[in-house]
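Student: model the following, please.
(one chain, ligands or ions: 1)
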Amino acid sequence: MIGRINHIGIATNDVEKEAANWAALYGAIDAQDAFDLPEQGVRVKFINLPNGQLELIAPLGDNSPITKFLERNPSGGQHHICFEVEDITTARDGMISRGAKVLGNGSPRMGAHGVPVIFIHPANSGGVLVELMQEPQKAQES
Ligand code: CO
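Tutor: Numbers count the residues shown, from 1 in each chain. Have a look, this model is predicted:
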């Protein structure tokens, strides 16, 4: 079973500009520094919220997986929702056994939080692209 919602992915052409918009309009000022994630073909900037994050993503490189999304949605848009799972390999195998289509070659890849992730085809979830990420280590846990 999926766990807590970790973040909502929002595609944009410019993560800094979009972060400034969320700060000015919604007061969401707790943003992290942007960074490149070549493994996923995106530039990322997280905005911290009380119960999760917004993940602003912009295309990085020539073969970014969000280039086509931005062609269809030129001013950006909601791109995916991410849920935490206890173990990414168990989750991946379970999704496949239940008939879901895991994007890419099916192997978990390193995500923006430094933990492995997979993506589930939108056709399996009411048109929503779903990211599953292995739970980050909880630093406060003793
Ligand atoms: Co994400």
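Student: drop to CA atoms for contacts and neighbour counts, all remaining ones
Tutor: Will do.
Student: what does stretch 45-52 contact?
Tutor: 5-7, 15-16, 19, 28-35, 53-57 (C-alpha atoms under 8 Å, 6 or more residues apart in numbering).
Student: try 6 Å this time
Tutor: 6-7, 30-32, 34, 53-56 (C-alpha atoms under 6 Å, 6 or more residues apart in numbering).
Student: for PyMOL, write the select line for the buried members of those.
Tutor: Here is the PyMOL command that selects the buried residues among these (16 or more other C-alpha atoms under 10 Å):
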select buried, resi 6+7+31+34+53+54+55+56
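Student: low-confidence stretches in this structure?
Tutor: Low-confidence regions of the chain, defined by pLDDT under 70, span residues 138-142.
Student: the contacts of stretch 45-52: which two are farthest apart?
Tutor: 6 and 34 (17.8 Å; C-alpha to C-alpha).
Student: next SSE downstream of the longest helix along the chain?
Tutor: Secondary structure assigned by DSSP state H gives helix 15-26 as the longest helix of the chain. Later in the chain than helix 15-26, the nearest helix or strand by DSSP states H and E is strand 35-37.
Student: now do that next one: distance to the chain's middle.
Tutor: 13 Å (C-alpha atoms, centre = their mean, to the nearest Å).
Student: what about residue 43, how many residues close to it?
Tutor: 23 (other C-alpha atoms under 10 Å).
Student: with residue 1 instead?
Tutor: Neighbours of residue 1 (other C-alpha under 10 Å): 8.
Student: could you do residue 68 as well?
Tutor: Around residue 68 there are 12 residues (other C-alpha under 10 Å).
Student: again, but for residue 41
Tutor: 19.
Student: do the one 5 residues further on as well
Tutor: Residue 46: 24 surrounding residues under other C-alpha under 10 Å.
Student: which residues of this protein fall in strands?
Tutor: 5-11, 35-37, 42-49, 52-59, 77-85, 109-110, 116-120, 130-134 (DSSP state E).
Student: hmm, back to that, mind listing what's buried along the longest helix of the chain?
Tutor: Applying 16+ other C-alpha under 10 Å to helix 15-26 flags 15-16, 18-19, 22 as buried.
Student: since that was my last question, I'll sign off now.
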